[in-house]
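Participant: Fold the following and give me the result.
(one chain, ligands or ions: 1)
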Amino acid sequence: MDALVSDAGQYGVPDVDALLLALNLYGLCTPLGARVRLQLSLITSPEVRTVVVAAGRSDPPFTLSDDGWLYAAGVPIGRAVRTDADDAVSGYLRCWKHGTWWAATINPAGRSRCTGCAFCPTSLEPPADPVLTLERELHALLDGLELQLPPGGTLRSLHEVAVSTACYRTENAALEAMVMLRKVLRSRRINARIVLLSSVLRSREAFRFLAEHVAPFGLFLTAECVSRRDFLLKNTKADLLPEAMPALLAEARGAGLDTSFTYIAGLDTTVQLEKFMTVMLPQVTLFPSVQIFQPHKRIMDRLLSPEAECLGYYYNARRVVENIMTDLGSPLTPELWRCYRSLWATEYAGHALTGPTR
Ligand code: SF4
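Facilitator: Numbers count the residues shown, from 1 in each chain. Next up is the predicted model:
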């Protein structure tokens, strides 16, 4: 197991972060499905955190025993207090804070049927997310989430509802969906910020419209990568050039929206990653979702940038982001509940990370 995290100290990466990073990259050997969702408590970091990893590989150093013990190279490192196949569901609650769920993620646009991004695992997930196009269907989804609340809980305590799909094909389709969602939330007196993961919202008019009719609203631009975009991404994402993204976020921010982006560490070279982060990070009001690339099958290993086959690439990527944010004087830090395959777990720029982990 020591070999797995041996270089982490040189980069100032704590062993817990290095272990979770390796688990995300290499996946898990278990017959539970192609992708599993674990509620994981590590021996050296007992707080329960959600981890969603590839499980169909035959050769990873991590294994899960029938009674839930997680082993790294044969050494027990933690326990999964809950294990589920990672279904593509229509919605779920997250950000457990002070006995309340602060956020929800919904997938109203049939994410499991969306295809076109070479790295995307959703087609491996059992589909349980019908396309919801009517107000009554959104109400039914929220009714379902309400049933999952603790006794006395209310969805009115939600601070954020994230729409986790890049499946809207046009800007107008995304705008119409956001207007309908805001209408449904208002009717239930839920004042949460709506966050949309998307690449199709691009115009100044759209941002102004959202500020006027949908806000509070945040755009997580699904940037994903800089290189090989025609090959790696579906066309509604690939046709947005990386060079245009900083100005797009600046425009959205200027309209009064929250801004951020998703990025997959492992697809670009370090030089490309650093150049991109340098121009994107000044434009965010929410910490970006920098995810570790997860090759679910042996053939997906070929999507990795050659540099990204070793863990040092990811340790360095952490440092690149931390240094740029520190130079910017940014107070933002990773929100652990927001990204299940984050580069960070317990520490960021030398400071302990606190706050909800799931
Ligand atoms: S847009 Fe790409 S990453 Fe997102 S759900 Fe569709 S195929 Fe997957």
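Participant: contacts and neighbour counts: CA atoms only from here.
Facilitator: Will do.
Participant: any idea how far the ligand is from Arg82?
Facilitator: Separation of Arg82 from the ligand (CA to the nearest ligand atom, to the nearest Å): 25 Å.
Participant: Neighbouring strands of the one helix or strand that residue maps to in the sheet, and parallel or not?
Facilitator: Take DSSP states H and E as the rule and Arg82 turns out to sit in strand 75-85. Using DSSP bridges, the strands paired with strand 75-85 are strand 35-42 (antiparallel), strand 69-72 (antiparallel).
Participant: residue ranges of the helices in this protein, please?
Facilitator: Assigned by DSSP state H, the chain shows helices spanning 2-5, 15-26, 135-147, 171-187, 204-213, 229-232, 235-238, 245-254, 270-280, 311-328.
Participant: quick one, which of those helices is nearest to Trp69?
Facilitator: For Trp69, the closest of the helices of the chain is helix 15-26, at 13.9 Å, according to CA to CA.
Participant: export that closest one as PDB, just CAs?
Facilitator: The C-alpha coordinates for helix 15-26 follow below in PDB (Å, rounded to 0.1, in the frame of the first residue of the first chain):
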ATOM      1  CA  ASP A  15      -1.900  10.100   2.500                       C
ATOM      2  CA  VAL A  16      -5.700  10.100   2.800                       C
ATOM      3  CA  ASP A  17      -6.100  12.300  -0.200                       C
ATOM      4  CA  ALA A  18      -3.600  10.200  -2.100                       C
ATOM      5  CA  LEU A  19      -5.400   7.000  -1.300                       C
ATOM      6  CA  LEU A  20      -8.800   8.400  -2.400                       C
ATOM      7  CA  LEU A  21      -7.200   9.800  -5.500                       C
ATOM      8  CA  ALA A  22      -5.800   6.400  -6.400                       C
ATOM      9  CA  LEU A  23      -9.100   4.700  -5.700                       C
ATOM     10  CA  ASN A  24     -10.800   7.100  -8.100                       C
ATOM     11  CA  LEU A  25      -8.300   6.600 -10.800                       C
ATOM     12  CA  TYR A  26      -7.800   2.800 -10.500                       C
END
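Participant: mind listing what's buried in that helix?
Facilitator: Of the residues in helix 15-26, Asp15, Val16, Asp17, Ala18, Leu19, Leu20, Leu21, Ala22, Leu23, Asn24, Leu25, Tyr26 count as buried by neighbour count, 16 or more other CA atoms under 10 Å.
Participant: I'd like to know which elements that helix is packed against.
Facilitator: Here helix 15-26 touches helix 2-5, strand 45-54, strand 289-292, helix 311-328, going by 3 or more CA pairs under 8 Å, 6 or more residues apart in numbering; DSSP states H and E.
Participant: would you turn the ones you listed into CSV with distance to the ligand and mean neighbour count?
Facilitator: Below are the helices and strands packed on helix 15-26 laid out as CSV (distance: least, CA to the nearest ligand atom, whole Å; neighbours: other CA atoms under 10 Å):
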stretch, distance to the ligand, mean neighbour count
helix 2-5, 29, 13
strand 45-54, 15, 19
strand 289-292, 12, 22
helix 311-328, 20, 18
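Participant: and the ones you listed as a markdown table, adding mean pLDDT?
Facilitator: Formatted as a markdown table, the helices and strands packed on helix 15-26 follow (pLDDT from 0 to 100):
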| stretch | mean pLDDT |
| --- | --- |
| helix 2-5 | 73 |
| strand 45-54 | 91 |
| strand 289-292 | 96 |
| helix 311-328 | 97 |
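Participant: Identify the residues contacting His139.
Facilitator: By CA atoms under 8 Å, 6 or more residues apart in numbering, the residues touching His139 are Val184.
Participant: For it, give its distance to Tyr314.
Facilitator: Using CA to CA, to the nearest Å, His139 is found at 41 Å from Tyr314.
Participant: same question, Ser164
Facilitator: Applying CA to CA to Ser164 and Tyr314 gives a distance of 24 Å.
Participant: quick one on the thing from earlier: kindly reformat the helices and strands packed on helix 15-26 as TSV containing distance to Arg229.
Facilitator: Putting these into TSV (distance: least, CA to CA, whole Å) gives the following:
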stretch	distance to Arg229
helix 2-5	31
strand 45-54	23
strand 289-292	17
helix 311-328	20
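Participant: Those: which one's closest to Leu303?
Facilitator: Taking the helices and strands packed on helix 15-26 one by one with CA to CA, strand 289-292 is closest: 12.7 Å.
Participant: And the closest one, what does it pack against?
Facilitator: On a contact count with 3+ CA pairs under 8 Å, 6+ apart, strand 289-292 meets helix 15-26, strand 258-265.
Participant: re earlier: redo the helices of the chain as JSON lines? Include distance to Leu93.
Facilitator: Listed next are the helices of the chain as JSON lines, based on distance: least, CA to CA, whole Å:
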{"stretch": "helix 2-5", "distance to Leu93": "32"}
{"stretch": "helix 15-26", "distance to Leu93": "22"}
{"stretch": "helix 135-147", "distance to Leu93": "7"}
{"stretch": "helix 171-187", "distance to Leu93": "15"}
{"stretch": "helix 204-213", "distance to Leu93": "24"}
{"stretch": "helix 229-232", "distance to Leu93": "30"}
{"stretch": "helix 235-238", "distance to Leu93": "27"}
{"stretch": "helix 245-254", "distance to Leu93": "27"}
{"stretch": "helix 270-280", "distance to Leu93": "29"}
{"stretch": "helix 311-328", "distance to Leu93": "28"}
